[in-house]
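1. no sequence on this one, just coordinates:
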């Protein structure tokens, strides 16, 4: 009589202990997304530790040409101070991009085309790494999961990020807070550019009214305009331009910040300029670089280019030929240029946009002090990136808070001053 309850209790206890074991034995397989994340973690670790064998293992079922190309990419980046490298697949923007054509191209295996955020940070230069997209085709074949391509969705205008070392061997030269990365063909010019960049960096630290805290600069020198266009993923004509400042937009965590800034030279155009002009160009781009620290999604191109010219080019007393021509021809519209006018259209229209932008900054400086343009820029950048309202609403709010006048009034008063000044003989 006493033993039966004890046996019953023991049976109940045994059932409770064994139930989890039975449950685990029948648990469903892991989601493919988690398995792909594991693959990407291994791939990123192999890049960061320069483990060529482990890196190659993540492409076990890839075509030989793709594997050779990516291993060459890994070998060429060894000269650079890579401090951060990660591959993050979140599915936040594109859950999956796989089409029937992708499955047909990789028959007999499970196929997924995914958007991956590739983060690259240079040790000693990047406070936060650049964050750009890769569009990777990943298959589950005989050897498990493999990365097999990164260009399958280019027909959808979704291009994987390319770096300077994608296009060939790179070298670097460093000093005074500047690193210049270039192909061997630019080796003779790199030291001169480094010296000019050091002087330009020092100048901008003096002329930009806001403290430039993350003041280390990375300059990239593509050899050709086609290479530059692919690095920047541009679709407009680059022939008018000599240099660019670029940065990633990192929206992780629900915020907004610019990270991994780079300066790119349009080498065929830049090299034709005299050294004094090259230094001014670098000052212009470095002012952009400094302003990235206080930028925001509501900043417009006329804000960006106006401050880069006014503070970056040392002195303001330009002839404004295009603006003068429009005023005297009676076709000046009295408005600051829209973003697209800085890149699209004939050179004369692009020059006009730059002239109007810098003249507006000079105008508010004449009324509110030399630092007015920088203070207004910072105020626009500080506007809440997720607050409702158009860019113009936020610009007007910043103008009222900083200069105690609505944007429409400032724009109108500037336009009147332009007509008054430039209509003179």
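-> Received it, and whenever you're ready, just let me know what you need. Remember, predicted model here, so these are calculated numbers, not experimental data.

2. Now for residue 76: which residues touch it?
-> By C-beta atoms under 8 Å, 6 or more residues apart in numbering, the residues touching residue 76 are 165, 168-170. All C-beta spots, glycine's among them, are computed from the backbone N, C-alpha and C.

3. so where is the stretch 151-300 of the chain shaky, pLDDT-wise?
-> Low-confidence segments of the stretch 151-300 of the chain, defined by pLDDT under 70: 253-254.

4. how about the strands in it?
-> Taking DSSP state E, counting those that start in this stretch as the criterion, the stretch 151-300 of the chain contains strands spanning 171-175, 178-182, 217-221, 243-250, 257-265.

5. which residues touch the longest one?
-> Meaning strand 257-265. 119-121, 126-131, 193, 217-222, 228, 231-232, 242-250, 282, 285-286, 289, 292-293, 295.

6. swap in the second one?
-> Defining contact as C-beta under 8 Å, 6+ apart, one finds that strand 178-182 is touched by 80-81, 122, 125, 164, 170-174, 189-190, 193-194, 197-198, 201, 216-221.

7. re the thing from before, just give me the closest of the contacts of residue 76 to residue 309.
-> residue 170 (30.8 Å; C-beta to C-beta).

8. who's in contact with that closest one?
-> 76-77, 79-80, 164, 181-183.

9. what about it, distance to residue 90?
-> Distance of residue 170 to residue 90, computed by C-beta to C-beta, to the nearest Å: 30 Å.

10. Return the distance of residue 319 relative to residue 276.
-> Residue 319 is 18 Å from residue 276, where distance means C-beta to C-beta.

11. again with residue 382
-> Residue 382 sits 35 Å away from residue 276, going by C-beta to C-beta.

12. out of those two, which sits in the more crowded spot?
-> More crowded of residue 382 and residue 276, by other C-beta atoms under 10 Å: residue 382, with 15 against 9.

13. Could you find the closest non-adjacent residue to the more buried one?
-> Leaving aside its chain neighbours, residue 382 sits nearest to residue 296 (6.5 Å; criterion: C-beta to C-beta, 6 or more residues apart in numbering).

14. Count the residues that sit near residue 33.
-> For residue 33, the count of nearby residues is 15 (other C-beta under 10 Å).

15. Quick check: which element contains it?
-> Assigned by DSSP states H and E, residue 33 falls within helix 32-48.

16. pLDDT of that helix, averaged?
-> The pLDDT scores in helix 32-48 average 97.

17. Residues contacting that helix, please?
-> 51-52, 54-55, 57-58, 74, 77, 82, 84-89, 91, 110, 112, 114, 116, 138, 140, 144-147.

18. and these, which of them are in helices?
-> Of the positions in the contacts of helix 32-48, 52, 54-55, 57, 74 sit in helices, assigned by DSSP state H.

19. For the residue minimising distance to the centre of the chain, list each beta-bridge partner.
-> Per C-alpha atoms, centre = their mean, the C-alpha nearest to the average position across the chain is that of residue 248, at 2.2 Å. Here residue 248 sits in beta bridges with residue 259, going by DSSP bridges.

20. ok, now which ones touch it?
-> Counted by C-beta under 8 Å, 6+ apart, residue 248 has contacts 130-132, 258-260.

21. try residue 81
-> By C-beta under 8 Å, 6+ apart, the residues touching residue 81 are 122-125, 179.

22. State the pLDDT value of residue 333.
-> The model reports residue 333 with a pLDDT of 95.

23. That one and residue 289, how far apart?
-> With C-beta to C-beta as the criterion, residue 333 and residue 289 are 31 Å apart.

24. So for these two, which sits in the more crowded spot?
-> For residue 333 versus residue 289, neighbours defined as other C-beta under 10 Å are more numerous around residue 289 (29 against 9).

25. The more buried one contacts residue 246, doesn't it?
-> No - between residue 289 and residue 246 there is no contact under C-beta atoms under 8 Å: 9.7 Å.

26. Which residue ranges of the stretch 301-425 of the chain form helices?
-> For the stretch 301-425 of the chain, the helices defined by DSSP state H, counting those that start in this stretch cover 301-312, 321-328, 347-368, 372-381, 391-403, 407-422.

27. okay if I get these as a markdown table plus distance to residue 154, mean neighbour count and mean pLDDT?
-> Output for these, formatted as a markdown table (distance: least, C-beta to C-beta, whole Å; neighbours: other C-beta atoms under 10 Å; pLDDT from 0 to 100):
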| stretch | distance to residue 154 | mean neighbour count | mean pLDDT |
| --- | --- | --- | --- |
| helix 301-312 | 27 | 24 | 96 |
| helix 321-328 | 37 | 17 | 95 |
| helix 347-368 | 28 | 20 | 96 |
| helix 372-381 | 33 | 22 | 97 |
| helix 391-403 | 31 | 18 | 96 |
| helix 407-422 | 40 | 16 | 96 |
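
28. Any chance of CSV for the ones you listed, columns distance to residue 37?
-> Formatted as CSV, the helices of the stretch 301-425 of the chain follow (distance: least, C-beta to C-beta, whole Å):
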stretch, distance to residue 37
helix 301-312, 36
helix 321-328, 52
helix 347-368, 44
helix 372-381, 34
helix 391-403, 36
helix 407-422, 46
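
29. start to end distance for stretch 121-129?
-> One end of stretch 121-129 sits 4 Å from the other (C-alpha to C-alpha, to the nearest Å).

30. same question, stretch 201-212
-> End-to-end span of stretch 201-212 (C-alpha to C-alpha): 10 Å.

31. What residues of it count as buried?
-> Counting neighbours by 16 or more other C-beta atoms under 10 Å, one finds that the buried residues in stretch 201-212 are 201, 203-204, 207-210, 212.

32. Spatially, which two of the residues you listed are the most separated?
-> Farthest pair in the buried residues of stretch 201-212 (C-beta to C-beta) is 201 and 209. Separation: 16.1 Å.

33. can you tell me which two in the ones in helices among the contacts of helix 32-48 are farthest apart?
-> For the ones in helices among the contacts of helix 32-48, and using C-beta to C-beta, no pair is farther apart than 57 and 74, which are 12.6 Å apart.
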